[in-house]
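**Student:** predicted model and sequence follow; I will ask about them next.
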Amino acid sequence: MKKPAHPTPPPSDETDPAQQPDSLEACRRCDLWRHATQAVPGEGRRRARIMLVGEQPGDGEDLAGKPFVGPAGKLLDRALAEAGIPRDDVFITNAVKHFKWELRGKRRLHKTPGQREVEACMYWLERELQQEAPAVVVALGATALKALLDDAHARLQEHFNKVTRREGRAVLATWHPSYALRAPDAAARERAYLDIVSALEHARQLAAGK
């Protein structure tokens, strides 16, 4: 006689940094799940040659459950197009999968994830890197760079125009698209945008073996 299937137990409400969850929905490795609408996994072309890694979902991404769909995502789409890379040809994710925020009036404003939260979420980023096996990874911002290099002291601008080899893949670094939206003046915003385009062009060349 066939045994009845056991239902999946509901996720615990207890935070456990040593947890080995099977799904993002069940993840309790840090406390960010408590105040996020949902986890936001990476998405895009499977086994893509290029992976883009941002910091964390924003307000729009938290609500939609998809990465880079808000204003920063629109800027990233424009930069990808200018660099000659169709968005459908890359895999896009974040170092941290839940939105960390603070309330300002009625708005939920981005709050930078702490090192413990980044370390807790490395469980998922490492899975994505192993499953997708990209040849080139572009770190969009300092948080992503620190996670990808496993170096809490890595400085973003020191890695501009530099290829770092890590576990058989090339790692490039540039600004997070949100920085190109909020830089202090128009000239700084344009420079940041062009830096992003340049890094993406470099990633395209590396992925093509050039």
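**Tutor:** Now that the structure is in, tell me what you want to look at. The shown structure was predicted, so the numbers you read here are calculated from the model rather than taken from an experiment. Numbers count the residues shown, from 1 in each chain.
**Student:** could I get the buried residue list for stretch 28-41?
**Tutor:** 28-30, 32-33, 36, 38-41 (16 or more other CB atoms under 10 Å). To be clear about C-beta, it is placed using only N, CA and C from the backbone, and glycine gets the same treatment.
**Student:** now do the same end-to-end measure for that stretch.
**Tutor:** 15 Å (CA to CA, to the nearest Å).
**Student:** hang on, the earlier thing: export the buried residues of stretch 28-41 to JSON lines and tack on distance to Leu129 and pLDDT?
**Tutor:** Shown next, in JSON lines, are the buried residues of stretch 28-41 (distance: CB to CB, whole Å; pLDDT from 0 to 100):
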{"residue": "Arg28", "distance to Leu129": "22", "pLDDT": "96"}
{"residue": "Arg29", "distance to Leu129": "17", "pLDDT": "96"}
{"residue": "Cys30", "distance to Leu129": "19", "pLDDT": "97"}
{"residue": "Leu32", "distance to Leu129": "20", "pLDDT": "97"}
{"residue": "Trp33", "distance to Leu129": "22", "pLDDT": "95"}
{"residue": "Ala36", "distance to Leu129": "22", "pLDDT": "96"}
{"residue": "Gln38", "distance to Leu129": "22", "pLDDT": "97"}
{"residue": "Ala39", "distance to Leu129": "17", "pLDDT": "97"}
{"residue": "Val40", "distance to Leu129": "17", "pLDDT": "98"}
{"residue": "Pro41", "distance to Leu129": "13", "pLDDT": "97"}
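**Student:** looking at those residues, which are in helices?
**Tutor:** Among those, none falls in helices (DSSP state H).
**Student:** quick one: which of the residues you listed is nearest Glu126?
**Tutor:** Arg29 (12.4 Å; CB to CB).
**Student:** and that closest one, how far from Tyr193?
**Tutor:** 34 Å (CB to CB, to the nearest Å).
**Student:** okay, Asp88 and Gly73: tell me how far apart.
**Tutor:** Asp88 is 14 Å from Gly73, by CB to CB.
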